[in-house]
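Asks: okay, predicted coordinates and the sequence, questions at the end:
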Amino acid sequence: MPTTTTPSPTPTATPAAAVAIVGAGLGGLALARVLHVNGIDAVVYEREASRAARGQGGMLDIHSGQRALREAGLIDRFHAIARGEGQDMRLLEPDGTLLLQEDTPEDAPLDRPEVDRADLRDLLLDSLPEDTVRWGHAFTSAADGLLRFADGGSSTYDLLVGADGAQSRVRPLLTDARPAHIGQNIVELGIPDIDRTHPDLAAMVGRGNYWVLGGGLSLAAQRNGDGRVRIGLSFYNTDEDWFATSKIPFDDPAAARARLIDLLPGWHPRFTALIAACDDTVVPRAITTLPVGLTWPSTPDVTLIGDAAHLMPPVGEGANMALLDGALLGLALAAHPEDIPRAVAEYEREMFARTGAAARESARVHDILTSPDAGRRMLAFFQPA
């Protein structure tokens, strides 16, 4: 009789966890991408109607966040869109004194390159399967494994990740903490196509970052990849009602520019010329942050990444921390696909320590910027003895 053998049992694939990510910002997309390359499905729910629903802001200084792009298998594509010359820095005082000028050599490593936020977001979006991001899904609530949306729809999840920014609607599931005003108000402006329209100002700003600091004020001008220079005027030691009392007529851009120049008494004419050259986009932004070192008791089916977890002053850490959050949570889930609570707890322990340190450093930089001699103190920060 022929010999028969019993076939070995076929290994059973572990079912992928249903990971629901609320928010298609950099952190949420980095998480979705790292999960994708590790064979774990996720869905990103975004309230905006499409990727083109609104502008995505200016340039980002990506340094520690490059690790996330390596884990996502996107570092080469990132280097192709990053601007090494964006690492250039010019630091001045309001009277025109040049404190620091650093020009990046052509062969310098891309340690802290600048990249347009929209380009980086597109890179992440294009790396995901087409149906990963569900546009037009405004999250309203979640309980017992069920998400609910503003249009009346719903969806199930095993893990809910709040990647929905400063005003996160997921955060209240974990903590009562809310963003608080930090005494900084910013007016955003810009000069389009500056090389053609204002070549003298283009040469002054240079290829990267141009900072004027002092007297509780700052002007930050930043070259964007599309030829626009984005300008942020920061007014420190001001309260959250300052825009109402500042007499800046935001509904009249020309008058708003004139008023902003009035608010810079004693500043060198070359700096006020930057304001006068701006177009009619004049946007107020009140700056808020979450408490430094915010934590919460780990919950097995909900966590946070990015600004939803650790909103910081805008001094260059937020986007990097969000990218790392997404990547490291994705790696933790890939390492423990059958134990989501363990993955979440491991991610949160690392995230709390890492972002707590970043938040403390960001707060220190913010304190420097609020001081009357901010330029000199920032020079010492960049060039410690």
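Replies: That came through, no problem.
Asks: when you work out contacts or count neighbours from here on, use the C-alpha atoms and nothing else.
Replies: Noted.
Asks: not counting residues beside it along the chain, what's closest to A150?
Replies: A138 (5.4 Å; CA to CA, 6 or more residues apart in numbering).
Asks: neighbours of S155, how many?
Replies: Neighbour count for S155, taken as other CA atoms under 10 Å: 11.
Asks: the residue lying closest to it once chain neighbours are set aside: neighbour count?
Replies: Nearest residue to S155, sequence neighbours excluded (CA to CA, 6+ apart): L147, at 5.1 Å. For L147, the count of nearby residues is 18 (other CA under 10 Å).
Asks: show me what L147 bridges to in the sheet.
Replies: Per DSSP bridges, the residues bridged to L147 are A142, S155.
Asks: next one: it from I231, what distance?
Replies: Counting by CA to CA, to the nearest Å, the gap from L147 to I231 is 39 Å.
Asks: R77 now?
Replies: Plainly put, R77 is 28 Å away from I231 if you go by CA to CA.
Asks: who has more neighbours, these two?
Replies: I231 (24 against 12).
Asks: for the more buried one, give me the pLDDT.
Replies: I231 is assigned a pLDDT of 97 by the prediction.
Asks: now it, which residues is it bridged with?
Replies: With DSSP bridges as the rule, I231 is bridged to L189, A221.
Asks: where along the stretch 251-385 of the chain do the helices fall?
Replies: Secondary structure of the stretch 251-385 of the chain (DSSP state H, counting those that start in this stretch): helices at 253-262, 269-276, 307-310, 318-335, 340-369, 374-382.
Asks: among these, which comes closest to L217?
Replies: helix 340-369 (7.7 Å; CA to CA).
Asks: mind listing what A82 touches?
Replies: When contacts are counted by CA atoms under 8 Å, 6 or more residues apart in numbering, A82 touches P113, E114, V115, D116.
Asks: isn't the third one up against G65?
Replies: Think V115. No - using CA atoms under 8 Å, V115 is not in contact with G65, being 11.9 Å away.
Asks: and the helix or strand containing R121, what's buried?
Replies: Take DSSP states H and E as the rule and R121 turns out to sit in helix 117-126. Neighbour-count burial for helix 117-126 flags R117, A118, D119, L120, R121, L123, L124, L125 (criterion: 16 or more other CA atoms under 10 Å).
Asks: what is the nearest of the residues you listed to M59?
Replies: When the buried residues of helix 117-126 are ranked by distance to M59 (CA to CA), R117 comes first, at 5.6 Å.
Asks: gap between the closest one and L128?
Replies: On the measure of CA to CA, R117 and L128 end up 17 Å apart.
Asks: one step back: could you save the buried residues of helix 117-126 as CSV and add columns showing pLDDT?
Replies: What follows is these, written out as CSV (pLDDT from 0 to 100):
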residue, pLDDT
R117, 92
A118, 91
D119, 93
L120, 96
R121, 96
L123, 97
L124, 98
L125, 97
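Asks: the residue nearest to S155 against Y157, yeah?
Replies: Yes - between L147 and Y157 there is a contact under CA under 8 Å: 7.2 Å.
Asks: thinking again about what came up before, between the helices of the stretch 251-385 of the chain, which one is nearest to Y210?
Replies: Comparing the helices of the stretch 251-385 of the chain by CA to CA, helix 269-276 comes nearest, at 10.5 Å.
Asks: and that closest one, how far from the chain's centre?
Replies: Mean-position distance between helix 269-276 and its chain equals 28 Å (CA atoms, centre = their mean, to the nearest Å).
Asks: please apply the same query to stretch 233-248.
Replies: Using CA atoms, centre = their mean, the distance from the centre of stretch 233-248 to the centre of the chain it belongs to is 23 Å.
Asks: quick check: end-to-end length of it?
Replies: Using CA to CA, the end-to-end distance of stretch 233-248 comes out at 13 Å.
Asks: and that stretch, which residues are buried?
Replies: Of all the residues in stretch 233-248, those buried under the rule 16+ other CA under 10 Å are L233, S234, F235, Y236, T238, E240, W242, F243, I248.
Asks: which of these lies closest to W267?
Replies: Nearest to W267 among these is L233, at 12.7 Å by CA to CA.
Asks: that closest one in helix, strand or coil?
Replies: Three-state call for L233 (DSSP: H, G, I helix; E, B strand; the rest coil): strand.
Asks: list the contacts of it.
Replies: I186, V187, E188, L217, S218, L219, A220.
Asks: how does it look with 6 Å?
Replies: Shown in contact with L233 (CA atoms under 6 Å, 6 or more residues apart in numbering): I186, V187, S218, L219.
Asks: run a quick neighbour tally on the closest residue to it other than its chain neighbours.
Replies: Closest residue to L233 apart from its sequence neighbours, by CA to CA, 6+ apart: L219 at 4.7 Å. By other CA under 10 Å, the residues close to L219 number 25.
Asks: give me the pLDDT for L219.
Replies: At L219, the predicted lDDT confidence score is 97.
Asks: could you do W211 as well?
Replies: For W211, the model assigns a pLDDT of 96.
Asks: got the angle for whichever strand or helix holds it vs helix 269-276?
Replies: According to DSSP H and E, W211 maps onto strand 209-214. Here strand 209-214 runs at an angle of 110 degrees relative to helix 269-276 (axes from the mean of the first three to the mean of the last three CA atoms, to 10 degrees).
Asks: I'd like the next helix or strand past the one helix or strand in the chain whose mean pLDDT sits lowest.
Replies: Least confident helix or strand, the chain: strand 59-61 with a mean of 89, by mean pLDDT, DSSP states H and E. Per DSSP H and E, strand 59-61 leads on to helix 66-71 as the next helix or strand towards the C-terminus.
Asks: what helices or strands is that following helix leaning on?
Replies: Contacts defined by 3 or more CA pairs under 6 Å, 6 or more residues apart in numbering; DSSP states H and E place helix 66-71 against helix 318-335.
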